[in-house]
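1. Sequence and predicted structure below; questions after.
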Amino acid sequence: MLDVSNAINSYSASKTAGIGTLSKDDAKLKEKTDAFESVIVKQVLDIALDEKYSIFPDDAGKDIYKSMYTETLSNSVSGGFGYSKMLFDFLKERA
């Protein structure tokens, strides 16, 4: 069985490895564009996981757990969908 947490940790480590080669201002810009991409990915995940049969039990805290799950997942994978790079390149060119 695939261990998702190891895959996410490996991806996050490879994502942050390239930031060290950027200048201080570029690294800050990259952080902000990754955060923006994280918001977009969270919205997509919220829509994708909005289903009748959920992975979370139908308890009072279901919405909180789902929100925490999608936020953590979106933060982990941000920077890999291309939105961040596209926005970074655009803003870098305009600066």
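-> Yep, it's here.
2. how many other residues sit next to residue 24?
-> By other Cβ atoms under 10 Å, 7 other residues sit near residue 24. Where C-beta positions appear, they are placed from N, C-alpha and C, glycine not excepted.
3. Looking at it now. What's its pLDDT?
-> With respect to pLDDT, residue 24 scores 89.
4. helices or strands up against the biggest helix by length in the chain?
-> Criterion DSSP state H: the longest helix present in the chain is helix 24-48. Contacts defined by 3 or more Cβ pairs under 8 Å, 6 or more residues apart in numbering; DSSP states H and E place helix 24-48 against helix 62-77, helix 83-94.
5. As a markdown table, those with distance to residue 29, mean pLDDT and mean neighbour count would be great.
-> Compiled in a markdown table, the helices and strands packed on helix 24-48 are given as follows (distance: least, Cβ to Cβ, whole Å; pLDDT from 0 to 100; neighbours: other Cβ atoms under 10 Å):
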| stretch | distance to residue 29 | mean pLDDT | mean neighbour count |
| --- | --- | --- | --- |
| helix 62-77 | 18 | 85 | 15 |
| helix 83-94 | 6 | 91 | 14 |
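6. and the angle for the longest helix of the chain with helix 62-77?
-> In terms of direction (axes from the mean of the first three to the mean of the last three Cα atoms, to 10 degrees), helix 24-48 departs from helix 62-77 by 140 degrees.
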